[in-house]
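In: After the sequence you'll find the predicted model.
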Amino acid sequence: MQTSCLIDGTFVPARSGRTFVVHNPATDAVIAHVADGDASDARAAIDAAARAFPAWKNAAAIERAKPLRRLAELMLRDVERLTDLCSQECGKPLAEARVEVAYAASFLEWYAEEGKRVYGETIPASDPGKRLLVLRQPSGVAAAITPWNFPIAMVTRKMGPALAAGCTQVVKPAEQTPLSALAIAELSIEAGFPAGVFNVITGLDAPAITDTFFDGLTVRHVSFTGSTEVGRILLAKSAANVVRVSLELGGHAPFIVFNDADLDKAVVGAMASKFRNAGQTCVCANRFLVQRGVHDEFVKRLTIAVAALKVGDGRAPGTQVGPLVDDAGIRKAEAHVADALAHGAQVTTGGARVTVPGGTNRFMAPTVLSGVTPTMLCFREETFGPIAPVCAFDTESDALAIANGTPYGLAAYLFTADGARIMRMVEALQYGIVGVNDALPATAQAPFGGVKHSGLGREGGHHGIEEYLDLKYVSWRIS
């Protein structure tokens, strides 16, 4: 297990000699002591990336593709090791962690090919003596700040397009889950990336490390996945040196079920969206809006399905819902339940912590709340926990008003059999991603990102690589 920073192709301890402890949130067991890097380590990584940039930029796209594809192969070769490491760090059930590894590898495979399709343009000139050209060129050193809830996939979703475009990169993983990023770094050396092309800095002082990404002209792009509050801070910091930022921020996803929906499919979708990673995903359903004609039946079916979920250590056989990542997370989930009950909602299943033998007190019973109204805390804030609040609505316009009545706009879900309604809703919902009768829309070849307070830019698809490319217009007089 690698525990040191990767700088310029070599794993090195923090210059200070400090380390920090990584715990398993399910048991509080110590997994490892990891290098506690600081701003000086980050600057060394940035310098290494800058030195590696000219050669990597000028390499043929087909040559840049080879180590990307090889890294994807190595991740799939080591899927069980990476799965177990992911589960230990963030508490995710093994079955989900295994899917995450495959999902992560898919970004490397996709961008290994997409990098070959970065085309220029010719523009018809109004002057016959001119030729007008557009070049797409890598923007420079890129930095990435990744979250704890998808510690493998969020690294490769940023790494794939950056390196395929010809940028070099420095990654700062979340302090809760640095080992997954370091495991990818270890495999990147085996995959054949030149020294300095990919670097990883681990450390507790995230503000000091991330400040180095904005304090000069070397880093030209910063990609961040995390809270809207931190995203605002980074956006402000980017102004001084006009650093391009991609921000995938908080979500508050509505899950809308109309009277004509296939309820069996809607419940299956609700389970997949809401309870994946114990509800700790930015695109998980956070608010269930169910039309009154099917409201009671939907709540009944959802309650039965949720009550059957097995809570436990993510590494234990059969676990479907693991722990929340920290004490603050479970306190927030409890506060949302308490507020809903105080204002008239009812718990149909769950509603309290669960005791897991040998585990911490961070396990929350998967919960369904009925009788919820839009004024309750769980309908105004992102819960990030295994709680499904259900609110009844009467008309399509009511559903839209509730769904759009938030500053967030990452993902929304819609279940109906009416094609005309689908088009109306898709066009009117103020979200970057809409799943229509589909609760798991994310895929490497499609753009992922939000609007309003949920972020800027896109990851995935050909749109993702555009974030790392500068346009250069050439006006060439030939006569």
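Out: Here it is on my side, so go on.

In: right, and residue 75 touches residue 185 too?
Out: No: between residue 75 and residue 185 there is no contact, the gap being 11.9 Å when judged by CB atoms under 8 Å. No exception for glycine: its C-beta is placed from N, CA and C like everyone else's.

In: Stretch 456-465 spans what distance, first to last residue?
Out: 14 Å (CA to CA, to the nearest Å).

In: Tell me which stretches of the stretch 1-150 of the chain form helices.
Out: 39-58, 61-77, 79-90, 94-114 (DSSP state H, counting those that start in this stretch).

In: closest to residue 1 out of those?
Out: Minimum separation from residue 1 across the helices of the stretch 1-150 of the chain (CB to CB) falls at helix 79-90, 7.5 Å.

In: Just the C-alphas of the closest one, formatted as CSV.
Out: Presented in CSV, the C-alpha positions along helix 79-90 are these (Å, rounded to 0.1, in the frame of the first residue of the first chain):
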residue,chain,number,x,y,z
VAL,A,79,-10.0,-4.6,-9.3
GLU,A,80,-10.3,-6.7,-6.1
ARG,A,81,-7.4,-4.8,-4.4
LEU,A,82,-8.8,-1.4,-5.4
THR,A,83,-12.3,-2.5,-4.4
ASP,A,84,-11.2,-3.4,-0.9
LEU,A,85,-9.2,-0.2,-0.5
CYS,A,86,-12.1,1.9,-1.6
SER,A,87,-14.4,0.2,0.8
GLN,A,88,-12.0,0.6,3.7
GLU,A,89,-11.5,4.3,3.1
CYS,A,90,-15.0,5.5,2.6
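
In: Give the buried residues for that helix.
Out: Neighbour counts using 16 or more other CB atoms under 10 Å place 82-83, 85-90 of helix 79-90 among the buried residues.

In: thinking again about what came up before, residue 358: which of the helices of the stretch 1-150 of the chain is closest?
Out: Closest among the helices of the stretch 1-150 of the chain, using CB to CB: helix 79-90, at 14.2 Å.

In: Now do the one helix or strand residue 378 maps to: distance to the chain's middle.
Out: Using DSSP states H and E, residue 378 sits within helix 377-380. In terms of CA atoms, centre = their mean, to the nearest Å, the centre of helix 377-380 is found 22 Å from the chain centre.

In: next one: stretch 56-63
Out: 28 Å.

In: buried sites along that stretch?
Out: Residues of stretch 56-63 classed as buried: 56-57, 61 (neighbour count, 16+ other CB under 10 Å).

In: okay, now the closest residue to residue 374 other than its chain neighbours: neighbour count?
Out: Distance criterion CB to CB, 6 or more residues apart in numbering; nearest residue to residue 374, sequence neighbours excluded, is residue 402 at 5.4 Å. By other CB atoms under 10 Å, 18 other residues sit near residue 402.

In: do the same with residue 182
Out: 26.

In: Isn't it up against residue 22?
Out: No: between residue 182 and residue 22 there is no contact under CB under 8 Å: 10.2 Å.

In: Name the residues contacting each of these two.
Out: By CB atoms under 8 Å, 6 or more residues apart in numbering, residue 182 and residue 22 have these common neighbours: residue 34.

In: Confirm the residue nearest to residue 374 sits in a strand?
Out: No: looking at residue 402 with DSSP: H, G, I helix; E, B strand; the rest coil, it is helix, so not inside a strand.

In: Many thanks, I have nothing further to ask.
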